[in-house]
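**Q** only the shape, not the letters, is given here:
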């Protein structure tokens, strides 16, 4: 997976090594947090014996964290992209929600959202990380907003249903609220 952090071109073998480093770092940072993951931990997880390889392929820890943000965003969106390609009905939004809930259940609801976990840990003190995380969330929001606008244009969603846009994003982790909200916001429904 190309994460855009290293500007120089890598050989296929070099790119594979970099991808392996970033994937291992992403797994560790999800399990332990950014602060709880050292570069030595990443080296051990990848079987790389030389710290110079980590710095060659990923730079320092700050660059590695940026690569992990990109990696997690791309991984999550790759899983969700088919579901978010046309979120223009309540059924499509519910299918997306159900897939996310099923994924969380499969992991025993541990760790939550990989991007959300990074956001909690980094956003307050790392403006660059915050900007990258916001951009990742923006990709989800655009897909959902486009779907809601299509529903509005077909008359399936009330014009004043702006609150649903935000609620659909929050539904990522709140499946029970979706069922109750669905009927409230249908075209012509009253508060």
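**A** On my side now, so go ahead. Note that the structure is a prediction, hence the values are computed from the model and not measured.
**Q** return the set of buried residues in the lengthiest helix in the chain.
**A** Longest helix in the chain by number of residues (criterion: DSSP state H): helix 127-153. By 16 or more other C-beta atoms under 10 Å, the buried positions in helix 127-153 come out as 129-130, 132-133, 136-137, 139-140, 143-145, 147-148, 151-152. Just so you know, the C-beta spots here come from the backbone N, C-alpha and C atoms, and that holds for glycine as well.
**Q** avg pLDDT for that helix?
**A** If you average the pLDDT over helix 127-153, you get 84.
**Q** now the helices for this protein?
**A** Using DSSP H, helices in the chain cover 12-32, 39-46, 51-58, 61-84, 90-106, 114-122, 127-153, 162-170, 175-185.
**Q** how far off helix 12-32 does the second one point, in degrees?
**A** Looking back up the chat, that one is helix 39-46. 120 degrees (axes from the mean of the first three to the mean of the last three C-alpha atoms, to 10 degrees).
**Q** show me which residues of helix 39-46 are buried.
**A** So helix 39-46, judged by 16+ other C-beta under 10 Å, has buried residues 39, 42-43, 45-46.
**Q** returning to that earlier point: which of the buried residues of helix 127-153 lies closest to residue 54?
**A** Comparing those against residue 54 with C-beta to C-beta places residue 129 closest, at 19.0 Å.
**Q** contacting residues around the residue nearest to the closest one when sequence neighbours are not counted?
**A** Leaving aside its chain neighbours, residue 129 sits nearest to residue 122 (4.0 Å; criterion: C-beta to C-beta, 6 or more residues apart in numbering). Going by C-beta atoms under 8 Å, 6 or more residues apart in numbering, residue 122 touches 34, 65, 129-130, 133.
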